[in-house]
Each structure stands twice: as C-alpha cells, then as structure tokens.
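Participant: quick one: sequence plus predicted model below, questions after.
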Amino acid sequence: MPLAGVRVYIHGRIRGLTQRRVMGLVAAAGGTVTRRGASAGTIAIGHSTAAALSNEGELALGFEPMAGADFLSENTFRRSVGLSAGRADESGTYSFGDLERLSGLSARQLRSLLHYDVLTGTEGRLGYGDLVAARAVARLLSSGVSFGRVVAAALALNHRGASLSGARLTQAPWGEVLQEIEGQFARLDGQLLLPVSGEDIVADEAFASAERSEDAGDLAAAERWYELAARLDRTDAIIPFNLANVLDARGRSREAEMAYRQAIGRNPHFADAWFNLGVLQERGGRKEEALSSYREAFRLEPGYGDAIHNAAALLMDMRRFDEALPLWERIAAASPEGAREAKRLAHLCRLQIRAASVRR
C-alpha cells in the first residue's frame, strides 16, 4: 500500500526496527509517522501487541481511529516501505464468509488474524492453509486459551519459520501455549520440555514490561525484563540492543558492548547497533575501532547522518583531515539544517590540508 502523503501511526513495535529506522523508512516512502493515532490515515499493527487482543478480536488501540483509516499488518507495512516480508497469498479460493462459516470464528476475529499475519491471504482470497490456521485458533479458544495468547503463539511459530497450519498447539496446565512434537510437549521455539511447569509469558510481553520500566526510570527492572525477553526470543536484535542501552545508562560499558555485539550477531545489518557500539568505543578511547563501527553504520545505511558526523569529527580529532573533508561535504549536501556548520568544518579541513602541503 502506498504511504505517500499519509500520516502513519505505529501500534506497538515493528520487530527488528528501531523507532529512528521506522521513521526514516516511512519518510523515504513519502509519509510521516505520528504519535497521535486518532489523526492517522494508516495504522500499522506491530506483532508485539498481539497478547493484548480481546477474545472478540478487538485491538487494544486506546483511541478511536479516524473514519476510513487503513490498517496494515506488520508484514504489509514492511512491504510498503520496501522491506522484504514475503508476499500475501492471493491464490486462495475461500471467501471471508467461507472462513467464518467453516471455522466458527467471527469476522472481527478473522480480520485480526489478517492484521497479525496469522492468515496469509487477503480478505477476498484466502487459502486452505488459512482455513487450517483459523480452525486451529478456534480449537484453542474452545479449550480456554485467550485469543491474544493464541495469536502470540502463532507469531512465535512464524518467527522460527513454522506456521499455525502446520503445528499442533495445546495449553499446558500452567497456562502456557505449547506445541506437541511426536507426543512430547515443546515450547514454541522447538525446545522439548521436562514434565514441569513453565512461565506463562511471551517475549513481547516481557519486552513491553521492560520498556515501561525503562520509561519510568527503573533501569534495574528494565534490565531484568530485557534479559528475560532475550531468553524467550533468541532472534530479535532489538532486544539485546535495548538491553545494551540500559546497561550503558547504568555505567556498565563492558556488558553493554557485549549486548551490542549480540544484537549485531543477530542482525549484522543493524546500523543503529553499529553506531551505538562506535559511541561506546570512542568514549573508551578506542578511536580506530569506533571509526570502523561508524563507517559500518553508514555503509549499511548511507543516509545515517549521525554516524557520518561522528566519523568526520573523530577523523578531525585524529588530524586525518583529508578523510574528514568528504564526509563534511556529504553532510552539507544532504542536510540543509546542518549545512552551515558542515561547510565551516569542511573549510577548516581544507585549510589544514593546504597547510600540511606547504610544510611538505
């Protein structure tokens, strides 16, 4: 769906993307991100909000959407900003009414399953896999599992390349949704369980608790929640990234660096993690390592102005003016608000380069 000229509200978070990255992608697509959901023409629904769904399938938005607002699933949003997220399956033969009749779910519940990418077709073209998934949801609901927890479980399967249509899920006595593999219970990441109770929480819930603690200034609690989220979800790079930010704020630089590197290990193309690692390294006097990290950040994201700026300033501090000059020129050309200062620093670089050539 085109986003040009559209105000976009992000409900929850988009997996693997920082807020800065989301805003940049929407801007590149011609839209703007707004914090006022009621004024948004498009609402992108992050998978992280699944657990808050009501049993009727109602979104916990906290505001009344404007009339005619479009709702995008997380995967549809990714496609809209040019990120690969697979394609919607448009080869199905079932109508929306067919799925209502054959699964026993309501139209609102089915629409929520589309909004959370549990169903992979469109409202007009749903496939047999969508019917199997819808029936699996209905079976779990009838056994007493909440709708939000079923959707969160389906997403946990999707994150590891499985699907609700190809897995058999059940509810443990302690409330956790598990999958059954060859007669044994396993967590949704495939880890087989011993016959003991587990934790009735998913990674997104732990992550949300961590964010609330961080916003409230309780960094110790935020650290504990992020660590739990990282154990529950071993693929999302944002979790160790946020943990690293908390550890850095608590003055534990060595542990913060390890967490940034864990984020990069999960996603080597994570420009924000490379940038924050560079800041940490520069603060510790490791200038060459910091420079390498900044350069990797803007290699991955050529328009990453803060990374280019920090690299240019560091090169000037290292008296490598010939390397700093093209970076200041790049900033001057790309950023009208920073052009004056960038041009001034570029001029200083030229003066230093000329003075060095005269001395030679």
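Facilitator: Yep, that arrived.
Participant: how about residue 244, what does it touch?
Facilitator: 256, 257, 258, 259, 260, 262, 263, 273, 276 (CB atoms under 8 Å, 6 or more residues apart in numbering). Where you see a C-beta, it was placed from the backbone N, CA and C, and this is true even at glycine.
Participant: please apply the same query to residue 247.
Facilitator: If you count contacts by CB under 8 Å, 6+ apart, then residue 247 has 223, 253, 255, 256, 259 around it.
Participant: if you set the cut-off to 6 Å instead, what comes out?
Facilitator: When contacts are counted by CB atoms under 6 Å, 6 or more residues apart in numbering, residue 247 touches 255, 256, 259.
Participant: now residue 271
Facilitator: Residue 271 touches 297, 300, 301, 304, counting by CB under 6 Å, 6+ apart.
Participant: let me see the contact set for the residue nearest to the last one when sequence neighbours are not counted.
Facilitator: The one in question is residue 304. Leaving aside its sequence neighbours, residue 304 sits nearest to residue 298 (CB to CB, 6 or more residues apart in numbering; 4.5 Å). Contacts here follow CB under 6 Å, 6+ apart; on that basis residue 298 touches 304, 307, 308.
Participant: what about the last one, how many residues nearby?
Facilitator: So that's residue 308. Counted with other CB atoms under 10 Å, the neighbours of residue 308 add up to 24.
Participant: lowest-scoring secondary structure element of the chain by mean pLDDT?
Facilitator: Using mean pLDDT, DSSP states H and E, the weakest-scoring helix or strand in the chain turns out to be strand 184-186, at a mean of 46.
Participant: show residues contacting the next helix-or-strand element following that strand.
Facilitator: Following strand 184-186 in sequence order, the next helix or strand is helix 203-215 (DSSP states H and E). Helix 203-215 has contacts (CB under 6 Å, 6+ apart) with 48, 51, 221, 222, 225, 226, 228, 229, 232, 233.
Participant: tell me how far residue 12 lies from residue 234.
Facilitator: Taking CB to CB, to the nearest Å as the measure, residue 12 falls 20 Å from residue 234.
Participant: the two: which is more packed in?
Facilitator: Shown here are residue 12 and residue 234; by other CB under 10 Å, residue 12 has more neighbours (19 against 14).
Participant: give the burial count for the residue nearest to the more buried one when sequence neighbours are not counted, as a bare number.
Facilitator: Nearest residue to residue 12, sequence neighbours excluded (CB to CB, 6+ apart): residue 46, at 3.0 Å. Neighbour count for residue 46, taken as other CB under 10 Å: 19.
Participant: pretty sure residue 46 is in contact with residue 15, am I right?
Facilitator: No: taking CB atoms under 6 Å as the definition, residue 46 is not a contact partner of residue 15, at 7.3 Å.
Participant: helices - which of the contacts of helix 203-215 land there?
Facilitator: Taking DSSP state H, the ones among the contacts of helix 203-215 that sit in helices are 221, 222, 225, 226, 228, 229, 232.
Participant: of those - the most surrounded one?
Facilitator: With neighbours taken as other CB under 10 Å, the top of the ones in helices among the contacts of helix 203-215 is residue 226, carrying 28 neighbours.
Participant: and the closest residue to that one other than its chain neighbours, which of the three is it?
Facilitator: Leaving aside its chain neighbours, residue 226 sits nearest to residue 243 (3.9 Å; criterion: CB to CB, 6+ apart). What DSSP: H, G, I helix; E, B strand; the rest coil gives for residue 243 is helix.
Participant: mind pulling up the pLDDT for residue 243?
Facilitator: Looking at residue 243, its pLDDT reads 97.
Participant: distance of it from residue 33?
Facilitator: Taken as CB to CB, the span from residue 243 to residue 33 is 24 Å.
Participant: who has more neighbours, those two?
Facilitator: residue 243 (25 against 18).
Participant: my read: the more buried one touches residue 259, true?
Facilitator: Yes: assessed by CB under 6 Å, residue 243 is found in contact with residue 259 at 4.8 Å.
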